[in-house]
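Asks: give me the fold of what follows.
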Amino acid sequence: MRIYSIVLVLGMVLMASCQGLDKDSQQGDLKQQVMHLQERLMKASASIDPAQGDSVVALYKMYAEEYPDDSISVEYLYRAAGVEMGMDKNENCLQTLALIEQRYPNSDLIPSLLQLKAFIYDTKFQDYDKARAAINELVEKYPNDKLTPNAKAYRDMIGKDPEELFRRIDSTQAAN
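Replies: As a prediction, this is how the structure comes out:
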């Protein structure tokens, strides 16, 4: 079923591109397909259907590859990373985040991307050094970003045992 969905989506895109449509029509058609699959994915239950998730990720990435200068392309790649993380495809997610950093280094999404990267390294891979490095980059490069205060607080929690964090909170509250 999963392969069928991917083949179907890719087939639809291929058919659209072979019909002699001009570039704007192709772009609009691809955007419509992305929005349709995105809506279906959002209406789904709490867990992501793997076939739908893979399909929407493929469309997000295809759109960004075909139209890299469109302002929505970076957002589509970021959404693809989010879906990949939701499907527990954390290596793929990190690769997509790296692609965004490479192609769109000046994007407003970079602080969020760094925070997401830190979260994945911290919670999924327990690679606390890489998690802290991502947060440090956010704090150093974007000191005035709205995420920076939370990032600084998060940096102190990376790698800590949840019970230790609760004890800290309790002791802080008791001192007040």
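Asks: can you count the residues close to Glu140?
Replies: 9 (other Cβ atoms under 10 Å). Heads up, the C-betas are built off the backbone N, CA and C, glycines and all.
Asks: and it, what helix or strand is that in?
Replies: Secondary-structure assignment from DSSP states H and E places Glu140 in helix 128-141.
Asks: same question for Leu94.
Replies: Per DSSP H and E, Leu94 falls inside helix 90-103.
Asks: before we move on, back to that, can you give me the angle the helix holding Glu140 makes with helix 90-103?
Replies: 30 degrees (axes from the mean of the first three to the mean of the last three Cα atoms, to 10 degrees).
Asks: what are the contacting residues of helix 128-141?
Replies: Outside helix 128-141, the residues that touch it by Cβ atoms under 8 Å, 6 or more residues apart in numbering are 110-111, 114-115, 117-119, 121-122, 145, 147-148, 151-152, 154-155, 158-159.
Asks: only whichever of these are buried, select them in PyMOL.
Replies: Per 16 or more other Cβ atoms under 10 Å, the buried members of the contacts of helix 128-141 correspond to this PyMOL selection:
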select buried, resi 110+111+114+115+117+118+119+121+122+145+147+148+151+154+155+158
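Asks: could you find the closest non-adjacent residue to Ile120?
Replies: Distances taken as Cβ to Cβ, 6 or more residues apart in numbering put Asn90 closest to Ile120, at 5.4 Å, once the chain neighbours are dropped.
Asks: ok, that neighbour touching Asp122?
Replies: No. Counting by Cβ atoms under 8 Å, Asn90 does not reach Asp122; the two are 11.3 Å apart.
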